[in-house]
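Chemist: Quick one, structure for this:
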Amino acid sequence: MRKINSHYLLLVFLLLFCSCFRSNTTGDTVRLGNSRQVFNFKGIEDLYRFLTYSENRVPLVSAHRGGPDTDYPENAIETFQRVASKMPAIIECDIALTKDSVLVLMHDETLDRTTTGKGKVNRHTLAELKELQLKDPAGTVTNYRIPTLEETLQWGIGQVIFTLDVKRNVPYRLVVDAIRKTKSEAYSVIITYSANQAAVVHNLAPDLMISASIKNVEDLIRLNDLDIPDTRLVAFIGTSQGDKNLTDLLHQHGILCILGTIGNLDRQAQQRGEQVYAEYIENGADILSTDRPLQAAKTLDYYIKQRNLSSPFIK
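Modeler: Next up is the predicted model:
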């Protein structure tokens with residue numbers, strides 16, 4: 001009988017061990033950390049300057065819910081890392097509150113769609129939520145966990161700009177406190193849906209940037225009447241092609257325009273070709289909030305290079 005070489009057995013063992021180790025992760029391995037500097041802000045004044053309109057502004061992609069994809073769940077730091085490794089990204093994410101008053105990332109009121117848990121988020125403690133696994137858009141279970149807002153903000157400093165969608169019954173005060181605690185003011189924008197909500201945020205934290213819904217001139221006047229400076233605003237102009245007169249007016253005020261391409265406009269780009277994303281920019285949008293961040297970013301990268309656009313705040 002042939003004697004098996006001990007070195008051969010060792011090699012087989014190592015291969016099997018490595019294979020088992022790889023199977024413990026879903027998708028590409030993501031190393032989390034703050035090692036990759038993308039945005040170079042020395043303080044919040046730099047964020048103001050970066051988010052002020054000029055003709056040479058660099059158009060940006062905002063990844064809706066962080067850019068979920070196969071093996072990458074929505075509202076997960078690992079998903080944000082994947083997107084941030086490919087582009088200078090704005091990350092739109094959703095904030096919910098646990099039973100023990102901890103802010104976590106979660107879009108739905110319930111856990112069923114996006115996690116291995118069930119029931120309402122606010123009826124579970126953080127410890128209970130940390131035991132759950134996140135699902136990707138197809139419902140496949142991953143090894144990724146629900147992050148807290150503080151963990152997310154700490155990770156994102158220098159890597160992304162966050163637009164924070166504060167869900168119902170989550171106090172803005174807690175969100176502001178988390179931003180202060182993590183010293184992430186220069187990388188955070190709080191989303192609001194009415195002038196009154198914007199006023200609440202501005203009164204709590206006059207230095208923070210706000211994403212405000214501005215779909216007509218009256219919306220802008222209302223915000224101005226509430227003494228919210230233009231320098232603290234970016235405008236969400238809706239999910240259909242914007243009114244050029246409105247975007248021109250907002251640009252005159254130095255306000256960048258976020259166009260939500262989620263839904264119909266993303267589908268239009270799929271059907272007509274990715275160059276449509278550049279058309280949205282040409283028609284007045286400055287930031288595209290999309291469910292297709294990688295495709296949109298590829299088009300905008302070409303657009304930026306063709307026009308020789310750059311920013312001292314992007315490495």
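Chemist: Between the two ends of stretch 182-192, how far is it?
Modeler: Stretch 182-192 has an end-to-end distance of 21 Å (CA to CA, to the nearest Å).
Chemist: and if you look at stretch 254-272?
Modeler: Stretch 254-272 end-to-end distance (CA to CA) = 31 Å.
Chemist: repeat for stretch 137-148
Modeler: 20 Å.
Chemist: For that stretch, buried residues please.
Modeler: Across stretch 137-148, burial judged by 16 or more other CB atoms under 10 Å covers 137, 142, 144, 145, 146, 147, 148. In this view, the C-beta of every residue, glycine as well, is placed from N, C-alpha and C.
Chemist: now do stretch 51-59
Modeler: So, applying 16+ other CB under 10 Å, buried residues of stretch 51-59: 51, 52, 53, 57, 58, 59.
Chemist: about what we covered before: and the buried residues of stretch 137-148, which is closest to residue 166?
Modeler: residue 148 (14.5 Å; CB to CB).
Chemist: give the contact list for the spatially closest residue to that closest one that is not a sequence neighbour.
Modeler: Distance criterion CB to CB, 6 or more residues apart in numbering; nearest residue to residue 148, sequence neighbours excluded, is residue 104 at 5.4 Å. By CB atoms under 8 Å, 6 or more residues apart in numbering, the residues touching residue 104 are 95, 96, 97, 98, 121, 126, 129, 146, 147, 148, 149.
Chemist: same question for stretch 294-301, mean pLDDT?
Modeler: Throughout stretch 294-301, pLDDT has a mean value of 97.
Chemist: what about it, distance to the chain center?
Modeler: In this view, stretch 294-301 has its centroid 16 Å away from the chain centroid, taken as CA atoms, centre = their mean, to the nearest Å.
Chemist: now the strands for the protein?
Modeler: Counting by DSSP state E, the chain has strands at residues 60-63, 89-97, 103-105, 161-166, 188-191, 209-213, 233-236, 257-260, 287-290.
Chemist: Of all these, which one comes closest to residue 111?
Modeler: strand 89-97 (9.8 Å).
Chemist: still on that earlier bit, quick one: pLDDT of the residue nearest to residue 148?
Modeler: Looking at residue 104, its pLDDT reads 98.
Chemist: So what pairs up with it in the strands?
Modeler: Note on residue 104: beta-bridge partners by DSSP bridges are residue 96, residue 148.
Chemist: what about it, distance to residue 292?
Modeler: Residue 104 sits 26 Å away from residue 292, going by CB to CB, to the nearest Å.
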